[in-house]
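In: Task: produce atomic coordinates for the following.
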Amino acid sequence: MSVVGEKSLGQGLVTNTPEGRTALVVSRCTSCGDVRCPPRTVCPIDLAACELDSVEGDATVYEVVRMGIAPLGFSAPYWVGLIDFPQGFRIFGLIASDDEDPVMAGDQVSMIVGVIGSDPTGLVGPVFQRSSRSTSPQITEGQRS
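Out: Sure, this is the predicted structure:
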C-alpha cells in the first residue's frame with residue numbers, strides 16, 4: 001500500500017507527528033510564512049525557499065459534493081470537497097459522509113488516514129470526517145510500499 005504523493009511528489013501528503021498524531025505535510029515560506037499543500041520548494045509569492053512543515057487539527061468544509069457515479073476504483077456514492085485550513089490554504093479531498101447525516105459546508109472536520117477508492121490494498125491518504133467522530137490512526141509501515 002502506498003501513501004498519496006509518494007510517487008508524484010517524492011513524499012507522502014500525510015505524516016506522523018513526534019506526538020503520534022497524523023498531520024498533513026505542507027510547505028512554509030521562510031520569508032513570508034505562506035503555507036501551501038501540496039508542498040513546494042519555492043514560494044509562489046516571493047520566490048523564497050520553503051521548508052517542509054506539518055499541519056493538524058480541525059478545518060472547515062467550504063463545499064462538498066456527493067458523487068453518484070463512480071470512476072474505476074471507487075464505489076458510489078462517495079463525497080469530495082474543498083477543505084479550508086486556518087493556516088490559509090484550501091485543498092480538495094475525500095470526505096467521509098453518508099446520506100443519513102451528510103457533512104455540509106461550514107462543518108468542522110478533522111483529517112484521518114484512510115483508503116482512497118474501493119481497493120483496500122491500494123492507496124491511503126487524507127480523508128476528512130466530522131470532528132466529533134474523529135479518530136486519527138497512525139500510518140503504519142505496512143501501509144507504505
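
In: Neighbours of F74, how many?
Out: Residues within reach of F74, counting by other Cβ atoms under 10 Å, total 16. For every residue, glycine as well, the C-beta is placed using N, CA and C.

In: Ignore what I typed, I meant E56.
Out: The number of residues packed near E56 is 17, by other Cβ under 10 Å.

In: Quick check, central residue of this protein?
Out: Among the residues of the chain, P126 comes closest to the average C-alpha position under Cα atoms, centre = their mean, at 3.4 Å.

In: excluding its backbone neighbours, what's nearest it?
Out: Counting by Cβ to Cβ, 6 or more residues apart in numbering, M111 is the residue found nearest to P126 once chain neighbours are left out, at 4.9 Å.

In: Next up, phi/psi of the one you found, please.
Out: M111 adopts backbone torsions of phi -90, psi 140, taken as degrees, to the nearest 10.

In: Which neighbouring elements make contact with the lowest-mean-pLDDT helix or strand in the chain?
Out: Taking mean pLDDT, DSSP states H and E as the measure, the helices and strands of the chain show their lowest mean at strand 2-3, namely a mean of 81. Applying 3 or more Cβ pairs under 8 Å, 6 or more residues apart in numbering; DSSP states H and E, one finds that strand 2-3 contacts strand 123-130.

In: how near is the residue nearest to the centre of the chain to I69?
Out: Distance, P126 to I69, by Cβ to Cβ, to the nearest Å: 23 Å.
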